[in-house]
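1. Attaching a predicted model along with its sequence, questions to come.
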Amino acid sequence: MENKENFFQSDNQILLLGNGGLGGKAKGLQFIDGFLKKNFRKEDFADFEVNIPKMVVLTTDVFDEFMETNDLYDIAYSNLPDNRIALAFQRANLPFFILGDLRKIATISKTPLAIRSSSNLEDAKFEPFACVYGTKMTPNNQLDIDERYNKLIEAIKYVYATTFFKAAKDYLAATSNKIENEKMAIIIQEVVGNKIDKNFYPHISGVARSYNFYPVFGANPENGIVSLAMGLGKTIVDGGVSWSYDPSLPRRNPPFKSIGHMLKESQIKYWSVNMENNSEYDPINETEFLKQNFFIEIEDQTILSKLVSTYNPRSDQIYPGLIKGGALILSFAPVLYASDIKFNNLIINLLWLAKKAYNSAVEIEFAVTLSKDVSIKPHRFGFLQVRPMVVSSEVIQVEDYEIRSDNVLVASEMVLGNGEIDDVYDVVYVKKESFTSENTHTIAKEIDRVNRYLLSEGRKCVLIGFGRWGTTDPLGGIPVNWNNISSAKVIVEMGLASMNSEMSQGSHFFHNITSFKVHYFSIPYGSSFSVDWDWLDACKVVKETNFIKHIITDKPLVIKTNGRKSKGVILKPDSSH
């Protein structure tokens with residue numbers, strides 16, 4: 001391993017501090033780093049610098065010593081609120097043997113830092129723990145080295161604390177794992193990006209999958225799917241608005257109903273690291289040093305010219321690039337359309353390499369900065385994460401007559417998952433007559449309570465709601481985390497006239513769904529498919545609140561999903577099949 005003193009000036013990308021495990025995320029990056037060095041042909045993409053952003057890994061033995069010497073296990077395993085646990089961790093001391101190295105990192109590193117979790121359980125194929133633990137970013141630009149060092153230490157302690165937050169404990173309860181067996185490594189990684197105005201962020205963040213569970217226009221699922229957002233990847237990770245496209249058809253827009261719908265549903269805000277050093281002190285807040293701004297407020301127009309399209313109301317047409325007098329859309333068309341920027345070809349190549357490396361469908365996360373002159377400085381493509389996906393090969397026949405029959409409870413031709421389920425008796429659904437976007441936070445809490453009850457009983461359910469599940473925008477759907485709905489074996493998403501966004505494909509929420517083999521039905525507003533609400537309302541009620549109802553059937557529902565044809569049906573128990 002590279003000498004610590006020279007690490008940030010070396011060509012090596014990974015440095016280990018400690019003698020323990022690396023955790024799933026760091027191990028995956030170490031593996032793909034070595035694979036790319038041997039297999040990626042730099043000469044094919046000479047205008048890009050492609051690598052893993054430099055990272056230092058605090059191995060799991062550092063975590064063990066931190067927990068033991070500070071006697072933190074009792075409070076960690078307790079049912080105390082997250083903030084109480086986080087504050088206890090902030091008062092604890094990191095092991096002495098790593099403090100000198102952490103100070104060197106704060107002193108030598110010249111960019112903002114992302115402090116990321118890398119637990120033993122993260123990025124497993126069937127129980128991936130995606131987005132369960134915390135990430136915290138620091139600007140790392142304070143003039144006082146002591147302050148930079150202290151902020152780094154606070155961020156490390158915060159990520160350690162998230163190992164024992166309620167969301168993580170609830171998630172573990174839905175798996176075969178125990179909290180006592182979890183160990184946390186930490187990744188300290190340079191943030192890919194540039195300082196623009198008073199913010200630091202990449203021009204583009206993205207998630208790419210080699211398999212697309214929602215192909216449109218008759219696309220081949222093996223073409224994959226790419227979701228792009230301006231700024232930090234938090235937009236995509238949190239299930240926010242992004243631009244999704246088929247990498248085999250980069251010029252084809254997502255299936256918006258109209259130009260007006262495209263203008264309304266495209267990304268308008270982006271996340272960045274706040275470089276002004278005016279953040280309110282809050283060490284147990286993940287977004288302490290982050291900001292969210294409107295992209296149209298960016299002063300440097302050269303940036304926007306690389307990322308937007310412009311709608312001309314006179315011609316009722318959309319044109320790639322920045323044109324004065326029109327409405328702007330973050331479509332990334334200048335990058336996707338340009339023949340001299342092999343951005344999309346690079347993504348296709350990296351997906352192919354990662355798929356080859358894992359011998360599996362894969363999902364990758366990345367961040368990109370674009371250069372004004374590649375003869376002086378190349379574009380930067382930072383490979384942030386890679387993990388295998390679960391794609392079932394089981395052949396399930398779902399016939400047209402089945403999805404149109406009177407025995408249908410739910411049917412859709414936009415489904416995720418594959419297989420047949422015949423052991424679910426419970427249905428939890430949001431009541432259509434009382435649903436409003438103003439009540440989505442309350443609905444999320446009510447669903448969480450029912451979810452905990454089902455988990456305690458060892459039962460699974462069909463979960464039906466409106467808008468996006470897992471969104472962070474309460475106006476776009478129901479803001480649940482995976483741990484709030486982990487008893488669901490089938491999830492149904494209904495569109496409304498006022499809540500009919502395209503489904504997010506880039507978030508960790510969806511990665512969990514695929515890895516846990518949860519079936520996912522999407523029914524857009526205006527679809528010929530619906531839910532038989534009358535039949536549900538006539539079933540035996542287990543629990544009812546103002547906004548949700550939990551019913552149980554005498555016989556199991558019959559659930560059949562053909563993921564390769566994006567077709568699925570939930571049949572009532574009295575149906576024959």
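-> Yep, that arrived. Residues are numbered from 1 along each chain as shown.

2. the helices in the stretch 351-500 of the chain, which residues?
-> 400-403, 440-457 (DSSP state H, counting those that start in this stretch).

3. tell me the most buried of those helices?
-> Mean neighbours per residue, mean count of other CB atoms under 10 Å, is largest over the helices of the stretch 351-500 of the chain for helix 440-457, with a mean of 18. The C-beta positions use only the backbone N, C-alpha and C, and glycine is treated the same way.

4. Which elements pack onto it?
-> In this structure, helix 440-457 packs against helix 166-173, strand 419-430, strand 461-466, strand 477-478, strand 548-562, with contacts taken as 3 or more CB pairs under 8 Å, 6 or more residues apart in numbering; DSSP states H and E.

5. mean confidence for it?
-> Across helix 440-457, the average pLDDT comes to 93.

6. how about the CA coordinates for it, as CSV?
-> Below are the C-alpha coordinates for helix 440-457, written out as CSV (Å, rounded to 0.1, in the frame of the first residue of the first chain):
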residue,chain,number,x,y,z
THR,A,440,-48.5,12.0,3.2
HIS,A,441,-46.2,12.3,6.3
THR,A,442,-49.1,11.2,8.6
ILE,A,443,-49.8,8.3,6.1
ALA,A,444,-46.2,7.2,6.2
LYS,A,445,-46.3,7.1,10.1
GLU,A,446,-49.5,5.0,10.0
ILE,A,447,-48.0,2.6,7.5
ASP,A,448,-44.9,2.3,9.6
ARG,A,449,-47.0,1.2,12.6
VAL,A,450,-48.8,-1.5,10.6
ASN,A,451,-45.5,-2.6,9.1
ARG,A,452,-44.0,-3.2,12.6
TYR,A,453,-47.1,-5.2,13.6
LEU,A,454,-46.8,-7.4,10.5
LEU,A,455,-43.1,-7.9,11.1
SER,A,456,-43.8,-9.0,14.7
GLU,A,457,-46.3,-11.5,13.4
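
7. and Phe96, backbone torsions?
-> As for Phe96, its main-chain torsions (degrees, to the nearest 10) stand at phi -60, psi -30.

8. any idea how far Lys431 is from it?
-> 57 Å (CB to CB, to the nearest Å).

9. More neighbours: those two, which one.
-> Residue environment comparison for Phe96 versus Lys431 gives the larger neighbour count to Lys431, 16 against 9, counting by other CB atoms under 10 Å.

10. list the contacts for the more buried one?
-> Shown in contact with Lys431 (CB atoms under 8 Å, 6 or more residues apart in numbering): 547-549.

11. Adding distance to Asn177 and pLDDT, write these out as TSV.
-> Supplementary listing: the contacts of Lys431 in TSV, determined by distance: CB to CB, whole Å; pLDDT from 0 to 100:
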residue	distance to Asn177	pLDDT
Phe547	32	95
Ile548	29	96
Lys549	32	96
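
12. Would you write out the PyMOL command that picks the buried residues out of those residues?
-> Per 16 or more other CB atoms under 10 Å, the buried members of the contacts of Lys431 correspond to this PyMOL selection:
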select buried, resi 547+548+549
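
13. Make CSV out of the contacts of Lys431 and add distance to Lys342.
-> Compiled in CSV, these are given as follows (distance: CB to CB, whole Å):
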residue, distance to Lys342
Phe547, 49
Ile548, 49
Lys549, 52
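
14. just checking, Tyr211 touches Ala219?
-> No: the pair Tyr211 / Ala219 is not scored as a contact, 11.6 Å apart, by CB atoms under 8 Å.

15. between the two, who's got more neighbours?
-> For Tyr211 and Ala219, the more surrounded residue by other CB under 10 Å is Tyr211, and the numbers stand at 23 against 16.

16. if I pick the nearest residue to that one once chain neighbours are set aside, what's in contact with it?
-> Leaving aside its sequence neighbours, Tyr211 sits nearest to Ala361 (CB to CB, 6 or more residues apart in numbering; 4.2 Å). For Ala361, the set of contacting residues under the criterion of CB under 8 Å, 6+ apart consists of 209-211, 355, 388-391.

17. could you redo the last one with a cut-off of 10 Å?
-> Residues in contact with Ala361 (CB atoms under 10 Å, 6 or more residues apart in numbering) are 209-212, 221-222, 224, 351, 354-355, 388-391, 514.

18. Pick the one among the residues you listed closest to Lys565.
-> Looking at the contacts of Ala361 and their distance to Lys565, the nearest is Pro221, at 9.2 Å (CB to CB).

19. Now do that closest one, the pLDDT please.
-> pLDDT, the model's per-residue confidence, is 82 for Pro221.

20. Ile348: neighbour count?
-> Residues contacting Ile348 under the criterion other CB under 10 Å number 19.
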